[in-house]
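> Let's see this in three dimensions:
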Amino acid sequence: MALIPDAKLYGFGSHFQRGAQEPRDVDLLVLHRDTSAASIAFAIKLKSALCANVLNAHVVMLSEREERDITFIDRALAFELGEITSEHFQPQVSALCRRILQYSAAAK
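As a prediction, this is how the structure comes out:
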C-alpha cells in the first residue's frame, strides 16, 4: 500500500532553469495538506531540514488549498521534485537535497 505524502516539494526559479545566470538562491515550495496544526508543523520541520542542507534555500510553504486559490505552481512555473512522508522523512529529504544539488551541477 502506497503512503499518502504529508508534503510535496517543488522547485522553481533560476536555480532550476538551464542557461540561467548563476543563481543566488534556491527557490522551493513545500506544499502541505491543510492548515491543521500537524500539517503546518510537518511543513515547518521540512523547511528547517531543507534550509539546513541546501545553501541559500528560499522556502515558501503553502497548504494545498492556498495553492489552489493563488495557483502558485502555474504562476511560478514550478515542478515537482518529490514527495515526503513522515514515515520516511530523513531518507526522502536526503534524496531530495541531492537532487536539488544535481540541478546546480547540471547547469554549469
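
> Show residues contacting the helix or strand containing Arg75.
Assigned by DSSP states H and E, Arg75 falls within helix 72-76. Contact with helix 72-76 is made by Tyr10, Phe12, Gly13, Asp27, Leu29, Leu31, Val60, Leu62, Glu66, Glu67, Ala78, as judged by Cβ atoms under 8 Å, 6 or more residues apart in numbering. All C-beta atoms are positioned from the backbone trio N, CA, C, and that covers glycine.

> Quick check: Phe42 vs Thr85, distance?
The gap separating Phe42 from Thr85 is 10 Å, by Cβ to Cβ, to the nearest Å.

> so Leu31 is in which element?
According to DSSP H and E, Leu31 maps onto strand 26-32.

> so what's Ile40 up against?
His32, Met61.

> Return the distance of Tyr10 relative to Ala37.
From Tyr10 to Ala37 the distance is 23 Å (Cβ to Cβ).

> The two: who's more crowded?
When Tyr10 and Ala37 are compared for neighbours, Tyr10 comes out ahead with 22 against 7, by other Cβ atoms under 10 Å.

> hmm, who's touching the helix or strand harbouring that one?
Element membership for Tyr10 (DSSP H and E) is strand 7-12. For strand 7-12, the external contacting residues (Cβ under 8 Å, 6+ apart) are 26-33, 42-43, 46, 50, 73, 76-84, 96, 100, 103.

> Could you export the longest helix along the chain as CSV, CA atoms only?
Secondary structure of the chain per DSSP state H: the longest helix is helix 89-107. Extracted in CSV, the C-alpha atoms of helix 89-107 (Å, rounded to 0.1, in the frame of the first residue of the first chain):
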residue,chain,number,x,y,z
PHE,A,89,11.3,11.7,6.4
GLN,A,90,15.1,11.6,6.7
PRO,A,91,15.9,9.4,3.7
GLN,A,92,13.4,11.3,1.5
VAL,A,93,14.8,14.7,2.5
SER,A,94,18.4,13.5,1.9
ALA,A,95,17.5,12.2,-1.6
LEU,A,96,15.7,15.5,-2.4
CYS,A,97,18.6,17.6,-1.3
ARG,A,98,20.9,15.5,-3.5
ARG,A,99,18.5,16.0,-6.4
ILE,A,100,18.4,19.8,-5.8
LEU,A,101,22.2,20.0,-5.8
GLN,A,102,22.4,18.0,-9.1
TYR,A,103,20.5,20.8,-10.8
SER,A,104,23.2,23.3,-10.0
ALA,A,105,25.9,20.9,-11.2
ALA,A,106,24.0,20.2,-14.5
ALA,A,107,23.5,23.9,-15.1
